[in-house]
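>>> Can you look at this prediction? I've put the sequence above it.
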Amino acid sequence: MSELSPVTKKFVLHWGEMGTRWGINRTVAQIHALLYLSERPLNAEEITDALSVARSNVSNSLKELQNWGIVKITHVMGDRRDHFESLTDVWEMFQIVLDERKRREIDPTLALLDDCLAEAKSSRRDETHAVQRIAAMKDFFETTSRWYADLRRLPTGAVVKFVKMGSRLRKLLGVA
């Protein structure tokens, strides 16, 4: 792979920085950005060279991206090495990321909130205030999870239309 173009380099560096803000390893995010912009699948050595990172870091990062379901292995005729490519449909990619974040972050939080409420109910201490706050938090997570599940069942085109409605949706609901 030749040296990165200025635009690709700028995007890859920014995506890596944003990844760290979202709680994702910088190299994982940079590899994803590189694969997303690449015109063809890349092998691990090409990724290592393009980003000047350790081969072991590339291997671990590629596994993480595959676990998320946004990068897949593909094969190139005449080359025995694994090559990697990113999903290119932005909406599909972000739905997969949201699904994974829900599974990894929201679902365990809901389970913890249930445990806390059950424990508080069996406690001899008066935890009325804490129970009210935890119950409100649980209601929020359950409501948004149901909303997301409903939204997830819609075809991508419908989701795009819904999101693009923006202020028209506020008007439809009669909210200023």
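Received the coordinates, thanks. Residues are numbered from 1 along each chain as shown.
>>> So what's the residue count around residue 48?
Here the number of neighbours of residue 48 (other C-beta atoms under 10 Å) works out to 19. From N, CA and C alone the C-beta is placed, and that goes for glycine too.
>>> so where does it fall, helix or strand?
helix 44-51 (DSSP states H and E).
>>> From the contact counts, what lies against that helix?
helix 26-37, helix 55-68, strand 79-86 (3 or more C-beta pairs under 8 Å, 6 or more residues apart in numbering; DSSP states H and E).
>>> Using a markdown table, lay out the ones you listed together with mean pLDDT and mean neighbour count.
Below are those laid out as a markdown table (pLDDT from 0 to 100; neighbours: other C-beta atoms under 10 Å):
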| stretch | mean pLDDT | mean neighbour count |
| --- | --- | --- |
| helix 26-37 | 98 | 22 |
| helix 55-68 | 97 | 16 |
| strand 79-86 | 96 | 14 |
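>>> circling back: can you name the residues in contact with the helix holding residue 48?
1, 3-4, 12, 27, 30-31, 34-35, 42, 53-55, 58-59, 62, 81-82, 84 (C-beta atoms under 8 Å, 6 or more residues apart in numbering).
>>> can you do 7 Å?
In this structure, residues lying in contact with helix 44-51 by C-beta atoms under 7 Å, 6 or more residues apart in numbering are 1, 4, 30-31, 34, 55, 58-59, 62.
>>> Go through the helices and strands packed on helix 44-51 and name the closest to residue 167.
Ranking these by their distance to residue 167 (criterion: C-beta to C-beta) puts helix 26-37 first, at 30.0 Å.
>>> in the biggest helix by length in the chain, what's buried?
Counting by DSSP state H, the longest helix found in the chain is helix 128-152. Residues of helix 128-152 classed as buried: 131, 134, 137-138, 141 (neighbour count, 16 or more other C-beta atoms under 10 Å).
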